[in-house]
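Q: Turn this into a structure:
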Amino acid sequence: MTLTNRIKLSVMMFLEFFIWGAWFVTLGTFLGKNLAASGTQIGLAYLSQSIGAIIAPFIIGLIADRFFSAQKILGVLHLAGALLLWLASTAVNFNVFFSAILVYMILFMPTLALINSISFKQMKDPGKEFPSIRVLGTIGWILAGLTIGWLNWEQNSLLVFTFKTAAGASALLGIFSFTLPATPPMRKAEKTSISDVLGLDALRLLKNRSYLLFFISSVAICIPLAFYYNFTNLFLNETGMKSAAGIQSLGQVSETLFMLLIPIFFIRLGVKKMLAIGMLAWALRYLFFAYGNADANYWMLITGIVLHGICYDFFFVTGQIYTDNLAGEKSKSAAQGLITLATYGVGMLIGSLVSGPIVDAFKMADGHNWQIIWIIPAAISGVIFVLFVLLFRDKHIEKVSSELTIETSGH
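A: The predicted structure is shown next:
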């Protein structure tokens, strides 16, 4: 890869996740303070991500992969997204806001696949080259959170500027996308069926009883995950934490660290134990939130945030590797698409529908009874963890762990 292309792809990754992190983390707080939204309405707003994730394969499979160059459609989607984000910032009620953000997320979620396609097209060895470029995305997300905290937008009720900032960055990326390396349609001459787009051939993996249990666990664990994404920032602000969005970026720092350490943990623990530890970390995180506060137990809040690296990497990244190893050569992409659709699509959708009414049920005059609210997802995560440990058995795990050990040792 040329230095010019490396720089362009790094800028693309940085802006992509800066845009998302600039408004997504503080969305619940913005809706609660600026539009007097209920917990149910906040859950619906975050549900837009799930709808976008469900529709994304159609946009990529039926449009982007067949008719247009990836960098051009990326540019168009981000330019349209800039207008929608600006419109969301001017909304005077929840209905107007939800309409704008729903359409925006339907356009944004496909860009996550597009930036990967553009990157991989330029790489001879993605395993070695991609991480150093992808990490710029995490840095972009972190910088967005630090900026919000540094400017005190949460404390000063100025979160409307998060959408305006994201809109400006989206417009910039939209224009910049047309300068990215050419990435022509991958399947221009091929006929693509709905089955191909949705990756339905990967459903054969569910015939494996152990993988079916993992698949169900993946959907289920995304229900408590929605509590974290949807309401953590609102919780931290009500608790009295200063610069909450900036401090939340510690979760992404932790994610980056554990991502680098995953090969070592594979050797030491193996796949099953890593999946189990990831689930257990979710339960522990919510217990820390339940009993933490901005005074003597402030460390609990910080620990709960930092656990994000284990929560995400040990379960989701490990699960993606497990899926990749179990899938046949022809259905690797389809299998990854299926697990993404199940988690960020179905699982997060259910979680958003469940978490909102629960938060509303424990609303008080001066905020919410967060202790009870967080105990609920802690209990859900705990049950999933116990069932997984007791029921999950897969001889293929040994092969996967062995291959990963050999591969890691080879580096």
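
Q: List the contacts of A276.
A: 385, 388-389, 392 (CB atoms under 8 Å, 6 or more residues apart in numbering). All C-beta spots, glycine's among them, are computed from the backbone N, C-alpha and C.

Q: Go again with 7 Å.
A: By CB atoms under 7 Å, 6 or more residues apart in numbering, A276 lies in contact with 385, 388-389.

Q: pLDDT score assigned to it?
A: Note for A276: predicted pLDDT of 91.

Q: ok but it is inside a strand, no?
A: No: applying DSSP: H, G, I helix; E, B strand; the rest coil, one finds A276 to be helix, outside a strand.

Q: how far out from the middle of the chain is stretch 265-278?
A: Its chain's C-alpha centre and that of stretch 265-278 lie 21 Å apart, by CA atoms, centre = their mean, to the nearest Å.

Q: hang on, the earlier thing: filter the contacts of A276 down to the ones in helices?
A: 385, 388-389 (DSSP state H).

Q: Next up, phi/psi of G367, please.
A: Here is the backbone geometry of G367 (degrees, to the nearest 10): phi 140, psi -130.

Q: Which element, helix or strand, includes the nearest residue in space to it that is not next to it in sequence?
A: Closest residue in space to G367, ignoring its immediate chain neighbours: E238 at 4.4 Å, by CB to CB, 6 or more residues apart in numbering. Using DSSP states H and E, E238 sits in helix 209-239.

Q: what's the answer for S352, then?
A: Going by DSSP H and E, S352 is in helix 348-361.

Q: Show me what that helix is packed against.
A: helix 39-58, helix 209-239, helix 370-391 (3 or more CB pairs under 7 Å, 6 or more residues apart in numbering; DSSP states H and E).

Q: Using CSV, lay out those together with mean pLDDT, mean neighbour count and distance to R6.
A: Output for the helices and strands packed on helix 348-361, formatted as CSV (pLDDT from 0 to 100; neighbours: other CB atoms under 10 Å; distance: least, CB to CB, whole Å):
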stretch, mean pLDDT, mean neighbour count, distance to R6
helix 39-58, 86, 22, 26
helix 209-239, 89, 22, 31
helix 370-391, 94, 18, 39
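
Q: Kindly reformat these as a markdown table containing distance to L3.
A: Output for these, formatted as a markdown table (distance: least, CB to CB, whole Å):
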| stretch | distance to L3 |
| --- | --- |
| helix 39-58 | 31 |
| helix 209-239 | 36 |
| helix 370-391 | 45 |
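
Q: And these: which comes nearest Y322?
A: helix 209-239 (6.9 Å; CB to CB).

Q: hmm, who's touching the helix or strand just after the closest one?
A: Under the assignment DSSP H and E, the closest C-terminal helix or strand after helix 209-239 is helix 244-248. Outside of helix 244-248, the residues within contact range by CB under 7 Å, 6+ apart are 25-26, 145-146, 148-150, 154, 232-233, 236-237, 241, 305.

Q: Please report how far L205 lies from S177.
A: For L205, the distance to S177 equals 34 Å [CB to CB, to the nearest Å].

Q: Looking at these two now, which is surrounded by more residues?
A: S177 (26 against 20; other CB atoms under 10 Å).

Q: Give me the distance between the residue nearest the centre of the chain and K164.
A: The chain has Y344 as the residue nearest its centroid, 7.3 Å off, counting by CA atoms, centre = their mean. To K164, Y344 is 26 Å away according to CB to CB.

Q: Same check on T340?
A: Distance from T340 to K164, by CB to CB: 30 Å.

Q: Which one's more surrounded, the two?
A: T340 (21 against 16).

Q: who's in contact with the more buried one?
A: Here T340 is in contact with A53 (CB under 7 Å, 6+ apart).

Q: Mind pulling the model confidence for it?
A: Reading off the model, T340 has pLDDT 74.

Q: Could you count how many residues lie near I350?
A: 17.

Q: what about the strands in the chain?
A: 363-364, 367-368 (DSSP state E).

Q: Looking at the ones you listed, which is nearest to G292?
A: Nearest of the strands of the chain (CB to CB): strand 367-368, 14.3 Å.

Q: Give me the neighbour count for the spatially closest residue to L47 that is not a sequence neighbour.
A: Nearest non-adjacent residue to L47, counting by CB to CB, 6+ apart: S352, 3.9 Å away. Per other CB under 10 Å, the neighbour tally for S352 reads 26.

Q: Quick check: S352 vs F265, distance?
A: 30 Å.

Q: ok, so of the contacts of A276, who is nearest Q122?
A: Closest to Q122, out of all of the contacts of A276 and judged by CB to CB, is F388, at 38.6 Å.

Q: Thought M279 was touching that closest one, still the case?
A: Yes: under the criterion of CB atoms under 7 Å, F388 makes contact with M279 at 6.1 Å.

Q: how close does the residue nearest to M259 when sequence neighbours are not counted sit to G251?
A: If the residues on either side of it in the chain are set aside, M259 comes closest to D313, at 5.5 Å by CB to CB, 6+ apart. Per CB to CB, D313 is found 11 Å from G251.

Q: Any stretches of the stretch 151-300 of the chain with poor pLDDT?
A: 186-202 (pLDDT under 70).

Q: what number of residues lie near A91?
A: There are 19 residues near A91, going by other CB under 10 Å.

Q: How about the contacts made by it?
A: 97, 100.

Q: Try it again at 10 Å.
A: Neighbour list for A91: 31, 34-35, 97-101, 160, 163 [criterion: CB atoms under 10 Å, 6 or more residues apart in numbering].

Q: ok, now V96?
A: Contacts of V96 (CB under 10 Å, 6+ apart): 35, 87-88, 90.

Q: if I look at it, how far off is A80?
A: For V96, the distance to A80 - CB to CB - is 17 Å.

Q: Same check on W141?
A: When W141 is compared with A80 (using CB to CB), they lie 22 Å apart.
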